[in-house]
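**Q** just to be clear, the model below is a prediction. Sequence and coordinates:
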Amino acid sequence: MKKLIGTIFLISLVMGCIQEEQEGTPPKTLSQSIDLPKEVEFLGSYEIERGISQVYSDDSPIITFLKDNHIYLFDRTTGEMLWDYIYPGELITHFAFSLGANYIVISTTNPNKVILFNIEGKKLWEYELDTESHPTQLAISGNGALVVVGFGFPENKLYFIKGGKLIKKYEYSKRETKIGAISINYDGSCTVAGSGYMCSSIFFFDKKGNLLWEYKWERRSKALFSNVTKAFISSDGNFGFAIYDSTHGACFFNKDGVFYDYEADPCPDIVASYGTEEGAIILNADGTLLKVDKNGEISEHKIWEGKILVSDQHGVYGSGILINGKCKKIERIEISSDRDYIGVLTKDKQLIFFNKEGKILWKKIFRDLMDFCIANNKVLIYKGFFEGDISVIDKNGTTIWDWSLRDNSKIIGSTLFHARFYKILYSSKNNIFVTTKISKEDKAELFFFKINDVLE
């Protein structure tokens, strides 16, 4: 009888947990009656932890929210929550997606592990690291086969992990104290890693983690410390580039080694860089646009006349763009996917829209601009610190569509939630934007909306 009662209790407990989990799943429809413009489509709302510490939205098809040991994944094209995961240890330190976002790898503390999931959240393997240090970088191949973890001082090591097993441990020079970037090609046959401290180096490895070549930059910029801050390698491994000394130089390479080392005079201040299968594009604060294709063909031209602000004592401390004889400090730069248009946001919140020839098409001041993106020769902006306004501006500077959320306090309003959650995510011809509001003491509600037709 005791055993039967215990069994019934256990079943009840499990069912209660399942029911509680199901009840905690937010509805996919608006619970309030809100009149949406015909161009706006509601995608869904979700409860997430309040006080999320990190939000990630890059070129991958996923937007990620992370707080300590809790990670949420959303499809940025549909607004659908893919899965959320709570690690039982203390912290999720890093994560990386495979090309196409079919796999995600995370690194953790207490214990220090590397864990691989598929995009549905199924754990494929985990590997416990023989170190108490936290990794500085983490990368995964496009097919999910190879994971590379980088450690700085005092470890100075790279771990090559395949199928949950260590295949190579590479130790780099003690003179360098941090792995600043790692990139792996699609099938894991090529890996590039960059390190630095007093100088910068890149390492090129084969599929077994064997070092094929190393390239070390001579110290030329006035930066106090040196490191590789970005690395890219194409799917076939035949082309790649790396940014070093923060924003002060770049190199381009193939499987045989570096074929072009780029540095402007006195030194560049790279404000935007993109890598594709066909080549790379780099934009400097002085208005120089550099293109390097996979065959090594190099071209550059001036988009605008600018200057770099330099201090002899502290090196480069800021970049500026020269407009009508006045130097405006740059806060952010966006380049359209076809590279025909460039948006520059200055420190005084002026948004300047250029074509690729450097002609200013329009400029406007938005004191409360939260986010913007370029899509189909138009600019979509999100402004308002506590209340949202969405607008679309064409290349002539005319506002062709807008929607104020100020009256929709049910979905957004004056809250204590951090304003960086007012995001715009570009996807194909449609744009998704995200808003938040406090829903409970320890929870926030996340809303996804999509704009249709306006940007065609």
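**A** Sure, I can see it. Numbers count the residues shown, from 1 in each chain.
**Q** give me the low-pLDDT residue ranges for the stretch 151-300 of the chain?
**A** Where the stretch 151-300 of the chain drops to pLDDT under 70, the residues are 218-225, 246-247, 264-268.
**Q** show me where it has strands.
**A** 157-162, 165-171, 176-184, 191-197, 200-205, 211-216, 228-233, 240-244, 249-254, 257-262, 270-275, 279-284, 288-293, 298-302 (DSSP state E, counting those that start in this stretch).
**Q** relative to the longest one, what are the paired strands and their orientations?
**A** The one in question is strand 176-184. Sheet pairing of strand 176-184 (DSSP bridges) gives strand 191-197 (antiparallel).
**Q** got it, and the fifth one?
**A** Pairing partners of strand 200-205, with direction, according to DSSP bridges: strand 191-197 (antiparallel), strand 211-216 (antiparallel).
**Q** now the first one, how far from the chain's geometric center?
**A** Read that as strand 191-197. Centroid separation between strand 191-197 and its chain, computed with C-alpha atoms, centre = their mean, to the nearest Å, is 19 Å.
**Q** could you dump that strand to PDB, C-alpha only?
**A** C-alpha atoms of strand 191-197 as PDB (Å, rounded to 0.1, in the frame of the first residue of the first chain):
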ATOM      1  CA  THR A 191      39.800  26.700 -38.500                       C
ATOM      2  CA  VAL A 192      41.300  30.200 -38.100                       C
ATOM      3  CA  ALA A 193      41.900  31.600 -34.600                       C
ATOM      4  CA  GLY A 194      43.300  35.000 -33.600                       C
ATOM      5  CA  SER A 195      45.200  35.900 -30.400                       C
ATOM      6  CA  GLY A 196      46.800  38.900 -29.000                       C
ATOM      7  CA  TYR A 197      48.100  41.100 -26.200                       C
END
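**Q** how about the strands in the stretch 351-456 of the chain?
**A** Under the criterion DSSP E, counting those that start in this stretch, the stretch 351-456 of the chain contains strands at 360-365, 369-375, 378-383, 389-393, 399-404, 423-427, 430-438, 443-451.
**Q** could you dump those strands to JSON lines with distance to Ile62, mean pLDDT and mean neighbour count?
**A** Glycine gets a C-beta too; all of them are placed from N, C-alpha and C. Formatted as JSON lines, those follow (distance: least, C-beta to C-beta, whole Å; pLDDT from 0 to 100; neighbours: other C-beta atoms under 10 Å):
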{"stretch": "strand 360-365", "distance to Ile62": "32", "mean pLDDT": "90", "mean neighbour count": "14"}
{"stretch": "strand 369-375", "distance to Ile62": "17", "mean pLDDT": "83", "mean neighbour count": "20"}
{"stretch": "strand 378-383", "distance to Ile62": "20", "mean pLDDT": "85", "mean neighbour count": "22"}
{"stretch": "strand 389-393", "distance to Ile62": "22", "mean pLDDT": "86", "mean neighbour count": "20"}
{"stretch": "strand 399-404", "distance to Ile62": "26", "mean pLDDT": "87", "mean neighbour count": "14"}
{"stretch": "strand 423-427", "distance to Ile62": "10", "mean pLDDT": "61", "mean neighbour count": "19"}
{"stretch": "strand 430-438", "distance to Ile62": "12", "mean pLDDT": "71", "mean neighbour count": "21"}
{"stretch": "strand 443-451", "distance to Ile62": "13", "mean pLDDT": "80", "mean neighbour count": "21"}
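**Q** so which of those gets nearest Gly144?
**A** Nearest to Gly144, of all these, is strand 423-427, at 22.8 Å by C-beta to C-beta.
**Q** on that earlier part again, out of the strands of the stretch 151-300 of the chain, which gets nearest to Lys122?
**A** Closest approach to Lys122 among the strands of the stretch 151-300 of the chain is made by strand 157-162 (17.9 Å; C-beta to C-beta).
**Q** partner strands of that closest one, with direction?
**A** Strand 157-162 pairs in its sheet with strand 146-150 (antiparallel), strand 165-171 (antiparallel), by DSSP bridges.
**Q** hang on, the earlier thing: hey, which of the strands paired with strand 200-205 is tucked in deepest?
**A** Most buried of the strands paired with strand 200-205, by mean neighbour count (mean count of other C-beta atoms under 10 Å): strand 191-197, with a mean of 26.
**Q** isn't Leu446 up against Val434?
**A** Yes: Leu446 is within contact range of Val434, at 6.4 Å (criterion: C-beta atoms under 8 Å).
**Q** count of neighbours near Glu47?
**A** Neighbours of Glu47 under the rule other C-beta atoms under 10 Å: 16.
**Q** identify the bridge partners of it.
**A** Where Glu47 sits in a bridge, its partners, by DSSP bridges, are Glu445.
**Q** now render the strands paired with strand 200-205 as TSV, adding distance to His94.
**A** Formatted as TSV, the strands paired with strand 200-205 follow (distance: least, C-beta to C-beta, whole Å):
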stretch	distance to His94
strand 191-197	14
strand 211-216	23
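**Q** out of those, which comes closest to Arg50?
**A** Comparison of the strands paired with strand 200-205 against Arg50 by C-beta to C-beta identifies strand 191-197 as nearest, at 36.3 Å.
**Q** quick check: angle from the closest one to strand 249-254?
**A** Strand 191-197 and strand 249-254 meet at an angle of 150 degrees, taking axes from the mean of the first three to the mean of the last three C-alpha atoms, to 10 degrees as the criterion.
**Q** name the residues that touch strand 191-197?
**A** With contact meaning C-beta atoms under 8 Å, 6 or more residues apart in numbering, strand 191-197 is reached by 137, 139, 146, 148, 150, 158, 160, 172-173, 175-185, 200-205, 209, 225-229, 231, 233, 240, 242, 244-245, 253.
**Q** could you identify the buried members of these?
**A** With burial judged by 16 or more other C-beta atoms under 10 Å, the buried subset of those is 137, 139, 146, 148, 150, 158, 160, 172, 176-185, 200-205, 209, 226-229, 231, 233, 240, 242, 244-245, 253.
**Q** show me what contacts Leu82?
**A** Shown in contact with Leu82 (C-beta under 8 Å, 6+ apart): 62, 73-75, 119-121.
**Q** helices - which of these land there?
**A** Among the contacts of Leu82, no member falls in helices (criterion: DSSP state H).
**Q** so which of those wins on neighbours?
**A** Highest neighbour count within those: Phe74, with 27 neighbours (other C-beta under 10 Å).
**Q** what is the neighbour count of the nearest residue to it once chain neighbours are set aside?
**A** Spatial nearest neighbour of Phe74, chain neighbours left out: Ile63 (4.9 Å); criterion: C-beta to C-beta, 6 or more residues apart in numbering. Residues contacting Ile63 under the criterion other C-beta under 10 Å number 21.
**Q** right, and Ile63 touches Thr78 too?
**A** No: the pair Ile63 / Thr78 is not scored as a contact, 11.0 Å apart, by C-beta under 8 Å.
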